[in-house]
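Asks: build the 3D model from these lines:
(chains A, B, C and D)
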Number of protein chains: 2
Amino acid sequence: MKEFCCPENEPNESDLRPVEGPDAEQELAALAKALGHPARVQIVRFLSRRSTCVCGEIVDQLPLSQSTVSQHLKVLKEVDIVQGSIDGPRVCYCLNPRTLRRLRALISSL
Amino acid sequence: MKEFCCPENEPNESDLRPVEGPDAEQELAALAKALGHPARVQIVRFLSRRSTCVCGEIVDQLPLSQSTVSQHLKVLKEVDIVQGSIDGPRVCYCLNPRTLRRLRALISSL
DNA sequence: TTCTTTCATCGCAAATCTACGATGATACTT
DNA sequence: AAGTATCATCGTAGATTTGCGATGAAAGAA
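Replies: Numbering: from 1, shown residues only, chains lettered A, B, ... in the order given. Below is the predicted model of the structure:
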């Protein structure tokens, strides 16, 4: 199983962007909106359970068509919660730990 | 300024509900959806800056009509992020720290 | 009572979201 | 080249969301 698509997890990496102000509020709203659907939470949870990237088995986990799951993955990729990289005929997906840390920081500041 | 609408903040209060499983995923999706709009994030931020409850000055903070702000407040109240209580002709709003802690727990588990 | 203030709700139009099947794109296999 | 597998995109129908003005409900003031 390839893992090249998974970014390094660097716990000490700090995000210097502010957690308050108009930009931060807009960013939090966009991230929350992307997570605001049960199917997308399930996708994130599924990727979270696997520590590595997941290639081509997400559709099997959801009671939705392939095109619908692809749409949900697109939403998660647009806000960089999920990253995808091509692996031959497949696509490997993984969470972006940097974005998740950012989300936690924004939520914590509320 | 009355504060009777504000629940006690008990930092040591623990929430025993699981942060994983279908129910938790549904709950997180509902909370994230409620936060998934810039105006609603701004409302929460505004209530967060004030440590007490806020009576009748939220509309002034947003470039939206009174009815629209009321709708957004309704969304936040439906998921119990915001609480409102009547104070004469006004309504006092405040955050529910219990729900916010729950949200942080759910996000942290991703 | 009548007026005013404050907030909720109604009704509607426009925009966005959701889900699906069909189709397209890409890469591997034979 | 032809076929297969995997995922993205297109087109579309139905549902939901968003925003607003108009109206309703409740409480205090005159």
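
Asks: DNA strand D contacts on chain A?
Replies: A:55-56, A:59, A:66-67, A:70-71, A:73-74, A:84, A:89-91 (C-beta under 7 Å from any atom of the strand). In this view, the C-beta of every residue, glycine as well, is placed from N, C-alpha and C.

Asks: please repeat the previous calculation with a cut-off of 10 Å.
Replies: Counting by C-beta under 10 Å from any atom of the strand, chain A comes close to DNA strand D at A:29, A:33, A:36-37, A:54-60, A:65-74, A:77-78, A:82, A:84-93.

Asks: which of those are buried, as a ChimeraX select command?
Replies: Those of the residues of chain A next to DNA strand D that count as buried under 16 or more other C-beta atoms under 10 Å in any protein chain shown are selected in ChimeraX with:
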select /A:29,33,36,37,54,55,58,69,72,73,82,84,91,92,93
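
Asks: so which of the residues of chain A next to DNA strand D are also by chain B?
Replies: Subset of the residues of chain A next to DNA strand D in contact with chain B: A:29, A:33, A:36-37, counting by C-beta under 8 Å from any C-beta of the partner chain.

Asks: low-scoring stretches of chain A, by residue?
Replies: Residue ranges of chain A with pLDDT under 70: A:1-12.

Asks: can you pull out the strands in it?
Replies: Applying DSSP state E to chain A gives strands spanning A:54-55, A:82-87, A:90-95.

Asks: tell me who's in contact with the residue of chain A found nearest DNA strand D.
Replies: DNA strand D sits closest to A:Gly56 of chain A, with a gap of 2.4 Å, by C-beta to the nearest atom of the strand. Residues in contact with A:Gly56, defined by C-beta atoms under 8 Å, 6 or more residues apart in numbering or on different chains, are A:90-92.

Asks: let's see 7 Å
Replies: For A:Gly56, the contacting residues are A:90-91, by C-beta atoms under 7 Å, 6 or more residues apart in numbering or on different chains.

Asks: tell me which residue in chain A sits closest to DNA strand C.
Replies: Counting by C-beta to the nearest atom of the strand, chain A gets nearest DNA strand C through A:Ser67, at 3.2 Å.

Asks: still on that earlier bit, can I get the strands of chain A in TSV with distance to B:Gly21?
Replies: Formatted as TSV, the strands of chain A follow (distance: least, C-beta to C-beta, whole Å):
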stretch	distance to B:Gly21
strand A:54-55	20
strand A:82-87	21
strand A:90-95	19
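
Asks: pretty sure A:Val59 is touching A:Thr68, no?
Replies: No. Using C-beta atoms under 7 Å, A:Val59 is not in contact with A:Thr68; the gap is 9.0 Å.

Asks: do stretch A:42-51 and chain B meet?
Replies: Yes. If you take C-beta under 7 Å from any C-beta of the partner chain as the test, stretch A:42-51 does meet chain B, through A:42, A:44-45, A:48.

Asks: mind listing the helices in chain A by residue range?
Replies: Taking DSSP state H, the helices of chain A run over residues A:22-35, A:38-49, A:66-78, A:97-108.
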